[in-house]
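Asker: one predicted model, sequence on top.
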Amino acid sequence: MRLSEKDSLKWLKAHGHEIKPAIFYKIKAHIKGFTEKRKFELFREGLWEQHLERIDQLETALKLAWENYHMETGASKKVRILETVAIQERVKSKICIMILK
């Protein structure tokens, strides 16, 4: 969940960490720099390709799950397939978000 600057500052204040907007952006920039550094390390260590391969595998599994869903006639089995699809979509989203940061 992403918060606006105003909401972020409110949340911090409510949790005992009142800071000025300038400090907020300084911390945010530091975090972004750390994220870029981590992404470079992943790329350097060959883990980047591993993440992309996992996304490809998830997309293949999702495609097969949807094919099975459309062929299935039993309602309970369809529900189980949809639950699997939902879990796979969340995992795929988390990996994509991590890669894009």
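Answerer: Now that the structure is in, tell me what you want to look at. Numbering: from 1, shown residues only.
Asker: worst-scoring helix or strand of the chain, pLDDT-wise?
Answerer: Lowest by mean pLDDT, DSSP states H and E among the helices and strands of the chain is helix 21-44, with a mean of 82.
Asker: the helix or strand immediately after it in the chain: which residues count as buried?
Answerer: Using DSSP states H and E, the helix or strand that directly follows helix 21-44 along the chain is helix 47-71. Residues Leu58, Ala65, Tyr69 are the ones in helix 47-71 that count as buried (16 or more other C-beta atoms under 10 Å). In short, each C-beta sits where N, CA and C put it, glycine included.
Asker: for the second one, which non-adjacent residue is spatially closest?
Answerer: Same thing as Ala65. The shortest distance from Ala65 to any non-neighbouring residue, by C-beta to C-beta, 6 or more residues apart in numbering, is to Val85 (5.0 Å).
Asker: ok, now the last one?
Answerer: With sequence-adjacent residues excluded and distances taken as C-beta to C-beta, 6+ apart, Tyr69 is closest to Ile81, at 4.5 Å.
Asker: can you get me a residue count around the one you found?
Answerer: 20 (other C-beta atoms under 10 Å).
Asker: pretty sure it contacts Met71?
Answerer: No. When contacts are counted by C-beta atoms under 8 Å, Ile81 is not listed as touching Met71 (9.8 Å).
Asker: now the residue of the chain positioned farthest from its centre. Its backbone dihedrals?
Answerer: Relative to the centre of the chain, and counting by C-alpha atoms, centre = their mean, the farthest-placed residue is Thr73 at 32.5 Å. With angles defined as degrees, to the nearest 10, Thr73 sits at phi -110, psi -20.
Asker: likewise Glu72?
Answerer: According to degrees, to the nearest 10, Glu72 has phi -70, psi 140.
Asker: what's the distance between the spatially closest residue to it that is not a sequence neighbour and Gln57?
Answerer: Leaving out its chain neighbours, the residue that sits closest to Glu72 by C-beta to C-beta, 6+ apart is Lys78, at 5.2 Å. According to C-beta to C-beta, to the nearest Å, Lys78 stands 23 Å off from Gln57.
Asker: which residues sit in contact with Glu5?
Answerer: Residues counted as contacts of Glu5 (C-beta atoms under 8 Å, 6 or more residues apart in numbering) are Pro21, Phe24.
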